[in-house]
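Q: Fold the stuff below for me.
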Amino acid sequence: MVEFIGGGVCAPKGFKANGVHCGIRKNREKRDLALIVSEKRCSAAAVYTTNLVQGAPVIVTKEHLQDGYAQAIVVNSGNANTCNRNGISIANRMCALVKRYTKIPKEDVIIGSTGVIGQKLVIDPIKEGMPELAAGLGDNSWAAAEAIMTTDTVKKEFAIKFTLNGKEVKMGAIGKGVGMICPNMATLLLFITTDAAISPQMLQKALSEEVDDSLNMLSVDRDTSTNDTLGILANGLAGNKEIVEEGKDFNIFKEMLHVVTTKFCKMLAADGEGATKLIECHVKRAKTKADARLAAKAVVNSNLVKAMVFGADANGGRVMCALGYSGADIDITKINVSFCSSAGIVEAYRRGFARPFDEELAKKILSEKEIHIMIDLNDGIDSATAYGCDLTYDYVKINGDYRT
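A: Numbering: from 1, shown residues only. As a prediction, the model looks like this:
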């Protein structure tokens, strides 16, 4: 049984957070520096962008997590610290500042940056803001969540609690999107804290396996960012028996991790740059899990499908087209396609052929905020869900002057 609670990354025992405006961003009303710390050293794990162009924070974090432990997370917005000649130096100095004001070893710091790529970043504002940031550490997950936002229109944080080995365990998270998101690892910044006791090896295993069915199935605009990082800290203060191998407790933990990451998929897709609608593509009865994933991803990645949803035009042929080039092993003569929302459901295709349907009802269905594209391949037992959003005029406006 899982229960959603408040508190974000500060909900689990032993975690504090804060966020401040240090001056990286020109708008003084926008926080731009976040810090999360644990009172004790944690098992740590992460997954990163697969883009060959990687931000300095990704490179430094990979080095720091080689031993599987960390105790703090520091993140800035307003600058990606990518393609900068002094990027590694800046990232290392940020970690050194965390050590100076928290006494946490710099090698135990996960670092993240988000914002414009290729823009010079200097350490001065971060150096000036760190004293206030560290001094204000407390039950301030909300402030940390605000500090990592870029084009997000709403801050993204929540927490859950569940039982593990007879002990109450909590898991909290903050994250940001909302552009340059395409399924190719965890395409975003997402930071998770938990007071569960789990070894670094099992934590990494749970995270690496879980993202294939959640964050790897998320797409906003088919662009894989340079700074994507999903990091998780587990300090063990819940008091459960440490998870050191696969079994019931590991499966429960992994299931709860899935609850967190899939909720973030929906939050990020719904708040995609310029988005007005969340799209969930559900594929069932595929020959293999890989085929189901390929099919679902192709549909949410299709600009024509995304534009179709924006215009509330139930053109199922665009879905069929995406399925046809998805690379999945499918029999097009078996495919059923339906559109569903709180307004109802219409079947657009059956066994690969278009079906007559009520156009007025279809318009109402696709005019809702959450749209479900239901695909039955009728060819196996495997399924997958992908998450995306519509393509709007505002997406072009936002990205037409993103840097300036």
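
Q: For R355, report the pLDDT, please.
A: Here the pLDDT value assigned to R355 is 95.

Q: Near it, how many other residues are there?
A: 14 (other Cβ atoms under 10 Å). Every residue, glycine included, has its C-beta placed from N, CA and C.

Q: Once you drop chain neighbours, what's closest to it?
A: Distances taken as Cβ to Cβ, 6 or more residues apart in numbering put E347 closest to R355, at 5.3 Å, once the chain neighbours are dropped.

Q: who touches that neighbour in this structure?
A: 336-338, 355, 357 (Cβ atoms under 8 Å, 6 or more residues apart in numbering).

Q: now the helix or strand harbouring it: mean pLDDT?
A: Using DSSP states H and E, E347 falls within strand 344-350. On average, the pLDDT along strand 344-350 is 97.

Q: State which strand of the protein is the longest.
A: The longest strand of the chain (DSSP state E) is strand 33-48.

Q: I'd like the distance from that strand to the chain centre, please.
A: 16 Å (Cα atoms, centre = their mean, to the nearest Å).

Q: mind listing the strands for the stretch 151-300 of the chain?
A: 156-164, 167-176, 189-194, 229-234, 278-286 (DSSP state E, counting those that start in this stretch).

Q: Mean neighbour count, mean pLDDT and distance to G118 for the ones you listed - can I get that in JSON lines?
A: Output for the strands of the stretch 151-300 of the chain, formatted as JSON lines (neighbours: other Cβ atoms under 10 Å; pLDDT from 0 to 100; distance: least, Cβ to Cβ, whole Å):
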{"stretch": "strand 156-164", "mean neighbour count": "21", "mean pLDDT": "96", "distance to G118": "26"}
{"stretch": "strand 167-176", "mean neighbour count": "24", "mean pLDDT": "96", "distance to G118": "20"}
{"stretch": "strand 189-194", "mean neighbour count": "29", "mean pLDDT": "95", "distance to G118": "18"}
{"stretch": "strand 229-234", "mean neighbour count": "28", "mean pLDDT": "94", "distance to G118": "19"}
{"stretch": "strand 278-286", "mean neighbour count": "23", "mean pLDDT": "96", "distance to G118": "31"}
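
Q: between the ones you listed, which one is nearest to M130?
A: Closest to M130 of the strands of the stretch 151-300 of the chain is strand 189-194 (Cβ to Cβ; 18.0 Å).

Q: Sheet partners, orientation included, of the closest one?
A: According to DSSP bridges, strand 189-194 forms sheet pairs with strand 167-176 (antiparallel), strand 229-234 (parallel).

Q: Would you mind giving those strands as CSV with distance to C22 added?
A: Formatted as CSV, the strands paired with strand 189-194 follow (distance: least, Cβ to Cβ, whole Å):
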stretch, distance to C22
strand 167-176, 17
strand 229-234, 20
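
Q: Looking at the ones you listed, which is nearest to N79?
A: strand 167-176 (13.9 Å).

Q: relative to strand 229-234, how tilted is the longest strand of the chain?
A: 100 degrees (axes from the mean of the first three to the mean of the last three Cα atoms, to 10 degrees).

Q: Of all the residues in strand 33-48, which ones are buried?
A: 33-38, 41-48 (16 or more other Cβ atoms under 10 Å).

Q: mind giving me CSV with the strands of the stretch 151-300 of the chain and columns for distance to L294?
A: As requested, the strands of the stretch 151-300 of the chain are exported to CSV (distance: least, Cβ to Cβ, whole Å):
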stretch, distance to L294
strand 156-164, 28
strand 167-176, 25
strand 189-194, 24
strand 229-234, 22
strand 278-286, 9
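
Q: mind checking which of those strands is nearest G14?
A: Using Cβ to Cβ, those put strand 189-194 closest to G14, at 8.8 Å.

Q: what about that closest one, distance to the chain center?
A: 9 Å.

Q: nearest spatial neighbour of E370, skipping sequence neighbours?
A: Closest to E370 by Cβ to Cβ, 6+ apart is L278, at 4.8 Å.

Q: Any idea what the residue nearest to R355 is bridged to?
A: Bridge pairing for E347 - DSSP bridges - gives S338.

Q: Relative to A91, how far out is it?
A: Separation of E347 from A91 (Cβ to Cβ, to the nearest Å) stands at 52 Å.

Q: Next one: G177 from Y48, what distance?
A: 16 Å.

Q: An error on my part: the question was meant for E146.
A: Counting by Cβ to Cβ, the separation of E146 from Y48 is 24 Å.

Q: same thing with R351?
A: 42 Å.

Q: what's the weakest-modelled helix or strand in this structure?
A: helix 393-400 (a mean of 66; mean pLDDT, DSSP states H and E).

Q: where in the stretch 51-200 of the chain is pLDDT low?
A: When residues are selected by pLDDT under 70, those of the stretch 51-200 of the chain lie in 178-187.

Q: Show me what counts as buried in the helix ranked longest in the chain.
A: What stands out as the longest helix in the chain, according to DSSP state H, is helix 248-270. For helix 248-270, a neighbour-count test (16+ other Cβ under 10 Å) marks 249-250, 252-254, 256-258, 260-265, 267-270 as buried.
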